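>>> Kindly generate the corresponding structure for this input.
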Amino acid sequence: RWTRWNGAVKTPRPRRAVDDCLGWRCMLPERGEEEDGGLEYELEKLGVGEEDRKKVHAKLWASVRAALDKVERSAVAGRRLGHIAYMEEVREGVRITYGDLSLYMSDSALEQIRSLYCYGTDRKEPSSPLFVCRLYALAARYRGLGGESYQGCMSAELMGKLREALPIDAECFASPMNVTLPHRFCSAYPDVELPFASICSFQEMHLYSPVMQHGGSFEAYPPFVEELMLAMYLYIHALLLHISAPLSFCIFIPAWDDTPAVQAIRACPYLTFERKIEKYRYRYRAGYHYLPGRGNTLIPYSSSYVFVLQNASGSDKYPPHRLGDIF
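Prediction:
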């Protein structure tokens with residue numbers, strides 16, 4: 001349940017058209033946000049009594065405040081001592097160090113991130129101290145989230161099959177570490193990911209002019225957090241309602257029939273395709289595959305749904321029945 005709480009944070013909603021969406025919440029806790037109804041809800045679902053819920057809540061937030069204090073002290077000390085991030089080779093990868101904290105990344109992940117950095121910053125050789133500092137900030141952000149497999153992604157093989165029927169222009173939920181389509185992805189943290197070719201955060205897609213003018217087809221493989229999946233659907237619904245250009249979204253979420261997201265998508269007037277995939281019929285890329293010595297693919301722990309939402313011009317351009325041969 002930590003991942004649900006960890007994934008339910010506030011990010012800005014930049015346009016009135018999507019104001020009906022649930023409040024987007026950033027992926028990191030902030031001071032002054034100790035009241036978290038979602039955490040209370042999840043603990044209650046697990047049968048935890050009121051007094052015990054209060055104790056868990058207080059203990060969790062005490063840990064958060066202590067962690068924030070430690071980060072702030074480390075940042076202040078690092079600036080005072082003139083620390084800079086540096087990178088060195090280790091077995092099967094590299095170690096990026098700042099002060100007394102080291103993070104690790106595999107050679108294959110580093111190669112992909114170097115390519116993305118060249119594209120995102122228009123630099124030919126990403127070997128400068130600035131690149132290492134940005135790489136450290138990126139790796140630290142995701143390691144700080146906790147669960148290493150928190151954000152998986154579609155395998156390259158499955159993405160290739162999908163694009164045969166529905167040419168995917170971008171991934172809605174990705175990161176420089178797990179992107180399948182190079183240079184075409186939205187990510188959660190533009191503050192550290194824009195130099196690595198992220199387009200924008202997903203909830204700012206309506207500000208990305210090619211989408212507004214020409215539409216497109218997009219793959220959405222969100223973190224499996226109930227509130228986030230519902231907020232994703234509401235945002236997609238708003239886009240389909242307000243954009244007349246051909247627009248398609250192929251959504252992969254767990255087959256949790258009792259969740260609001262699944263129920264809302266099934267009742268959506270823009271739903272043009274639905275298919276259930278049993279859990280042993282496909283694999284996905286693990287969120288921790290960028291770490292040295294870790295595996296790359298995993299079998300899902302539950303069956304999944306594939307939903308396609310399209311406006312009228314989107315379904316005319318890419319008829320959904322073409323997906324039947326893939327799933």
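>>> where do the helices sit along the protein?
Assigned by DSSP state H, the helices in the chain fall at 2-7, 37-45, 50-81, 107-121, 129-143, 156-165, 190-193, 209-214, 226-242, 260-266, 312-317.
>>> Wait, Ser313 touches Ala245, no?
Yes: taking contacts as Cβ atoms under 8 Å, Ser313 lies within contact range of Ala245: 6.6 Å. Backbone N, C-alpha and C define where each C-beta goes, glycine included.
>>> who touches both of those two?
Gly215 (Cβ atoms under 8 Å, 6 or more residues apart in numbering).
>>> returning to that earlier point: of the helices of the chain, which stretch is the most buried?
helix 226-242 (a mean of 21; mean count of other Cβ atoms under 10 Å).
>>> what's the model's confidence in that one, averaged?
Mean pLDDT, computed over helix 226-242, is 92.
>>> for stretch 281-301, same thing?
In the prediction, stretch 281-301 has an average pLDDT of 71.
>>> do the same with stretch 165-177
88.
>>> got a markdown table for the helices of the chain, with distance to His183 too?
As requested, these are exported to a markdown table (distance: least, Cβ to Cβ, whole Å):
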| stretch | distance to His183 |
| --- | --- |
| helix 2-7 | 26 |
| helix 37-45 | 34 |
| helix 50-81 | 31 |
| helix 107-121 | 5 |
| helix 129-143 | 16 |
| helix 156-165 | 14 |
| helix 190-193 | 12 |
| helix 209-214 | 13 |
| helix 226-242 | 22 |
| helix 260-266 | 29 |
| helix 312-317 | 23 |
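>>> so which of those gets nearest Ser302?
helix 260-266 (11.9 Å; Cβ to Cβ).
>>> Restrict that closest one to CA atoms and write it as PDB.
Only the C-alpha atoms of helix 260-266 are listed here, as PDB (Å, rounded to 0.1, in the frame of the first residue of the first chain):
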ATOM      1  CA  PRO A 260     -13.400   3.000 -10.300                       C
ATOM      2  CA  ALA A 261     -11.000   3.300 -13.200                       C
ATOM      3  CA  VAL A 262     -12.100   0.000 -14.900                       C
ATOM      4  CA  GLN A 263     -15.800   0.700 -14.200                       C
ATOM      5  CA  ALA A 264     -15.500   4.200 -15.700                       C
ATOM      6  CA  ILE A 265     -13.700   3.100 -18.800                       C
ATOM      7  CA  ARG A 266     -16.200   0.400 -19.500                       C
END
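>>> Outside of that helix itself, list whatever touches it.
The contact list for helix 260-266 (Cβ under 8 Å, 6+ apart) reads 226, 229-230, 232-234, 251, 253, 255-257, 271, 274, 305, 307, 309.
>>> just those residues now: which is nearest Gly324?
Glu274 (10.8 Å).
>>> Compute the number of surrounding residues for the closest residue to the closest one other than its chain neighbours.
With Cβ to Cβ, 6 or more residues apart in numbering as the measure, Phe307 is the residue that lies nearest to Glu274, at 5.6 Å, once sequence neighbours are left out. For Phe307, the neighbour count with other Cβ atoms under 10 Å is 23.
>>> what sits opposite Phe307 in the beta ladder?
Ile251, Glu274 (DSSP bridges).
>>> Check Arg95 too.
Beta-bridge partners, per DSSP bridges, of Arg95: Glu88, Tyr104.
>>> Can you check what pLDDT the model gives Ser106?
In this model, Ser106 carries a pLDDT of 88.
>>> Surely it and Val90 touch.
No: Ser106 is not in contact with Val90 according to Cβ under 8 Å; the separation is 10.2 Å.
>>> anything in contact with each of those two?
Pro292.
>>> returning to what we had before: next, give me the two most distant ones among the contacts of helix 260-266.
Across those, no pair lies farther apart than Leu234 and Ala255, at 20.1 Å, counting by Cβ to Cβ.
>>> which non-adjacent residue is nearest the residue nearest the centre of the chain?
Closest to where the C-alpha atoms of the chain average out (Cα atoms, centre = their mean) is Phe173, at 4.0 Å. In this structure, Phe173 finds its nearest non-sequential neighbour in Pro222, 4.7 Å apart by Cβ to Cβ, 6+ apart.
>>> cool, Ser302 as well?
Pro254 (5.0 Å).
>>> The one you found: how many residues sit nearby?
There are 18 residues near Pro254, going by other Cβ under 10 Å.
>>> correct me, but it touches Tyr305?
Yes: assessed by Cβ under 8 Å, Pro254 is found in contact with Tyr305 at 7.4 Å.
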